[in-house]
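Engineer: Pasting a predicted model and its sequence here:
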Amino acid sequence: MALDVQGLTAYVNQERMALIKKFILGGRSVSFLTVQPDIKSAASINLLSSNLVAQAGGCGFTDDGDTILTQNTLNVCPLKVNESICIDTLEQYYTQAMLAPGSYDTDFGFEQLYTEEKVSQISSLIDTLIWQGDTNSGNPQLALCDGFIALAEGTYSASTVNGNTSSATAITANNIVGLVDDMVAAVPVNIIANDDLYLYMGYDTYRLYALALRNQNLFHYTGAEDQGEQFSQMVPGTNVRAIAVKGLNGTNKMFLSAKSNLYFGCDLMNDYENLEIFYSMDFQEVRVVAKWKSGVNAAFWDYVVYFTL
């Protein structure tokens, strides 16, 4: 007599392995910008410049030249995440093994992993908004706040320095080294000696650039692996550091300026990391709240080299 198991479903142990969160490319742009905390809605970037007029020496006093005080406004956008979790739903699946005994569950058993996942997602979103945010985009996520691209192509379009001096229509392995060199050549002379010049590009563009450099100079190429930071390296022969940032992925756009010239505004720096997770007796569910503020602007847009196709 044979064993008949046709009425059974193949067994899968759903509880043996730990819950694993999905990998996500987090944001790091804030590390390469000047952070201005404690902003509730807006703050002024107070600027000073002058027109110096020298005169021939001699007796007498003739007033000439100007000292100019101006401002750029650093607006921050209030943002939030609201989610709810019905613990009763978790009782129907393998997740029941994570719940405490009893019918009055107030914890869902994987709060730590959940928090790490949400913080990673928010960090990634902030990075995207820093560069691609556009209140006129029509995209619900990108429309939350204006980023550097929207500002460079909108309010400050007349001030930015053209970084695409060759009028390139695509970024390729054959032209990327030349395009980067063109951007470096376009850096305004007043900041050319700064020690905080960064060339911001997406990971896609950065990898293309690193590969092109390696292929051009196989015997002398020194890439990020020898320069102390992942996805970051000095543009050969210059004081400019090329860095990859998540927020510029897929845009075919690059920025070059001094870190001290590009501002990221917020309230508390780690607001978004402090998720509030609480049980609502009224609604019989766990509720999750994250709140933060973020926004960007440059002090002097005529010191921003902007590449776009």
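Structural biologist: Alright, I've got the coordinates. Numbers count the residues shown, from 1 in each chain.
Engineer: Would you tell me which helix is longest in this structure?
Structural biologist: helix 111-132 (DSSP state H).
Engineer: Check which helices and strands that one is in contact with.
Structural biologist: Where contact means 3 or more CB pairs under 8 Å, 6 or more residues apart in numbering; DSSP states H and E, helix 111-132 is packed against strand 77-85, helix 148-153, strand 276-280, strand 285-298. All C-beta atoms are positioned from the backbone trio N, CA, C, and that covers glycine.
Engineer: Reformat these as JSON lines; add mean neighbour count, mean pLDDT and distance to Glu117.
Structural biologist: Formatted as JSON lines, the helices and strands packed on helix 111-132 follow (neighbours: other CB atoms under 10 Å; pLDDT from 0 to 100; distance: least, CB to CB, whole Å):
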{"stretch": "strand 77-85", "mean neighbour count": "14", "mean pLDDT": "93", "distance to Glu117": "11"}
{"stretch": "helix 148-153", "mean neighbour count": "22", "mean pLDDT": "98", "distance to Glu117": "27"}
{"stretch": "strand 276-280", "mean neighbour count": "13", "mean pLDDT": "89", "distance to Glu117": "12"}
{"stretch": "strand 285-298", "mean neighbour count": "20", "mean pLDDT": "93", "distance to Glu117": "11"}
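Engineer: need these in CSV with distance to Val187, can you?
Structural biologist: As requested, the helices and strands packed on helix 111-132 are exported to CSV (distance: least, CB to CB, whole Å):
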stretch, distance to Val187
strand 77-85, 30
helix 148-153, 16
strand 276-280, 44
strand 285-298, 14
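Engineer: show me the contacts for the spatially most central residue of the chain.
Structural biologist: The geometric centre of the chain, computed from its C-alpha atoms, lies nearest to Asp127 (CA atoms, centre = their mean), at 2.1 Å. Applying CB atoms under 8 Å, 6 or more residues apart in numbering, one finds that Asp127 lies in contact with Gly26, Gly27, Arg28, Ser29, Val30, Val245, Lys246, Gly247.
Engineer: What of Val81?
Structural biologist: Lys118, Ile122, Val288, Val289, Ala290.
Engineer: can you give me phi and psi for the nearest residue to the second one once chain neighbours are set aside?
Structural biologist: Closest residue in space to Ile122, ignoring its immediate chain neighbours: Tyr272 at 4.6 Å, by CB to CB, 6 or more residues apart in numbering. For Tyr272, the backbone dihedrals (degrees, to the nearest 10) come out as phi -70, psi -20.
Engineer: Over to Ser167?
Structural biologist: phi 60, psi 40.
Engineer: OK, contacts around Leu33?
Structural biologist: Per CB under 8 Å, 6+ apart, neighbours of Leu33: Ile130, Lys259, Leu262, Tyr263, Phe264, Val296.
Engineer: ok, the second one touching Thr34?
Structural biologist: Yes: A contact is recorded between Lys259 and Thr34 when judged using CB atoms under 8 Å, the distance being 6.1 Å.
Engineer: picking up where we left off before, how much space separates the residue nearest to the centre of the chain from Val53?
Structural biologist: Asp127 is 44 Å from Val53, where distance means CB to CB, to the nearest Å.
Engineer: what ranges do the strands span in the protein?
Structural biologist: 34-36, 42-51, 66-75, 77-85, 161-162, 197-201, 232-234, 240-244, 254-258, 262-265, 276-280, 285-298, 305-307 (DSSP state E).
Engineer: Figure out which of these is closest to Ile191.
Structural biologist: Nearest to Ile191 among those is strand 254-258 (5.3 Å), distances taken as CB to CB.
Engineer: strand partners of that closest one, parallel vs antiparallel please.
Structural biologist: strand 197-201 (antiparallel), strand 305-307 (antiparallel) (DSSP bridges).
Engineer: Distance to Ser84, mean pLDDT and mean neighbour count added to the ones you listed, as a markdown table?
Structural biologist: Below are these laid out as a markdown table (distance: least, CB to CB, whole Å; pLDDT from 0 to 100; neighbours: other CB atoms under 10 Å):
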| stretch | distance to Ser84 | mean pLDDT | mean neighbour count |
| --- | --- | --- | --- |
| strand 197-201 | 37 | 98 | 26 |
| strand 305-307 | 42 | 98 | 26 |
